[in-house]
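Enquirer: All I have is the shape, not the residue letters:
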């Protein structure tokens, strides 16, 4: 049942996020062409009205990419709310599936699309740089001076491994927190559920920040020499506890406290 739920979630999201992602990739190519024109104009000291117009449109492209990243994440959160805590929720929760399967399928869907959004943003930015600065002698000379060599034994030391684990855990935990806050806000408020979810998210972040500061402050004060691996291990433990707590709380609410409109 989990596979069917995930397939449905992916299919329901693919249309909107897919079109936005294609638009973002197009903006990357267009932005690269505009950057190439601006770089050429600067090199030739050609500051005409067309250069100004192109520069203005390039700024719009930049903010458009930022809006794509933020707007897509907000859309994923709204889709979770819409499919679980509005009239559509009646259909979702009448399916022969456990609440943990429903929550987990939405979580995996959000994580997959978030990864796609990150990749699209990286490709778009790379397109701007590649098209905009390709063939510029000054840039190529500067890159040739950069030493990209490194010792392989330093690539996978203890701190690097801890940081990779920290990044993965934070990636998952941030999605769980968003979904848990939406779940709490939708249950606590009879009206204005989205505003309630935003309020819960702010309060949750505040409390989590205070706990994190206290734990890290204690670890640093009790250490003669700062061990950053230990600091991030504390953060990983806190994030794992937060993710597990959010998962258990959300599924319990879906089982016992859900009150659809």
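Expert: Right, received. Where do you want to start? Only a predicted model underlies this, so the values are computations on that prediction, with no experimental measurement involved. Numbers count the residues shown, from 1 in each chain.
Enquirer: burial count for residue 62?
Expert: Neighbourhood size, residue 62 [other C-beta atoms under 10 Å]: 16. Any C-beta I mention is one placed from the backbone N, CA and C, and that applies to glycine too.
Enquirer: For it, give its distance to residue 128.
Expert: Distance check for residue 62 against residue 128: by C-beta to C-beta, to the nearest Å, it reads 9 Å.
Enquirer: what residues are shared contacts of those two?
Expert: Taking C-beta atoms under 8 Å, 6 or more residues apart in numbering as the criterion, residue 62 and residue 128 both touch residue 31.
Enquirer: Let me see the confidence value for the residue lying closest to residue 240 once chain neighbours are set aside.
Expert: Leaving aside its sequence neighbours, residue 240 sits nearest to residue 169 (C-beta to C-beta, 6 or more residues apart in numbering; 6.1 Å). Listed pLDDT for residue 169 reads 91.
Enquirer: element containing residue 169, please.
Expert: Residue 169 belongs to helix 158-188 when assigned by DSSP states H and E.
Enquirer: That helix packs against which elements?
Expert: With contacts taken as 3 or more C-beta pairs under 8 Å, 6 or more residues apart in numbering; DSSP states H and E, helix 158-188 sits against helix 49-85, helix 99-133, helix 193-221, helix 228-256.
Enquirer: give me the low-pLDDT residue ranges for the stretch 151-261 of the chain?
Expert: For the stretch 151-261 of the chain, the stretches flagged by pLDDT under 70 are 151-159, 215-229, 259-261.
Enquirer: Next up, the contacts around the residue nearest the centre of the chain.
Expert: Nearest to the geometric centre of the chain sits residue 114, at 5.4 Å (C-alpha atoms, centre = their mean). By C-beta under 8 Å, 6+ apart, the residues touching residue 114 are 73, 76, 171, 175.
Enquirer: ok, now residue 201?
Expert: Neighbouring residues of residue 201 by C-beta under 8 Å, 6+ apart: 177, 178, 181, 185.
Enquirer: isn't the last one right up against residue 202?
Expert: Same thing as residue 185. No: judged on C-beta atoms under 8 Å, residue 185 makes no contact with residue 202 at a distance of 10.6 Å.
Enquirer: of these two, who's got more company?
Expert: residue 185 (21 against 11).
Enquirer: State the distance from the more buried one to residue 194.
Expert: 7 Å.
Enquirer: quick one: the residue nearest to the centre of the chain from residue 235, how far?
Expert: For residue 114, the distance to residue 235 - C-beta to C-beta - is 20 Å.
Enquirer: can you check residue 4 too?
Expert: Residue 4 is 36 Å from residue 235, by C-beta to C-beta.
Enquirer: ditto for residue 108
Expert: Distance of residue 108 to residue 235, given as C-beta to C-beta: 23 Å.
Enquirer: I'd like to know which elements the longest helix along the chain is packed against.
Expert: Longest helix in the chain, counting residues (DSSP state H): helix 2-43. In terms of contacts (3+ C-beta pairs under 8 Å, 6+ apart), helix 2-43 is packed against helix 49-85, helix 99-133.
Enquirer: now these in TSV, with distance to residue 34 and mean pLDDT?
Expert: Output for the helices and strands packed on helix 2-43, formatted as TSV (distance: least, C-beta to C-beta, whole Å; pLDDT from 0 to 100):
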stretch	distance to residue 34	mean pLDDT
helix 49-85	4	86
helix 99-133	8	90
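Enquirer: list the contacts for the spatially closest residue to residue 134 that is not a sequence neighbour?
Expert: Nearest residue to residue 134, sequence neighbours excluded (C-beta to C-beta, 6+ apart): residue 36, at 7.7 Å. Applying C-beta under 8 Å, 6+ apart, we find residue 36 in contact with 131, 132, 133, 134.
Enquirer: what's near enough to touch residue 200?
Expert: Residue 200 neighbours (C-beta under 8 Å, 6+ apart): 181, 184, 185, 188.
Enquirer: go with 7 Å
Expert: 181, 184, 185 (C-beta atoms under 7 Å, 6 or more residues apart in numbering).
Enquirer: which one is the first one nearest to, not counting chain neighbours?
Expert: Spatial nearest neighbour of residue 181, excluding adjacent residues (C-beta to C-beta, 6+ apart): residue 201 at 4.0 Å.
Enquirer: Thanks a lot, see you next time.
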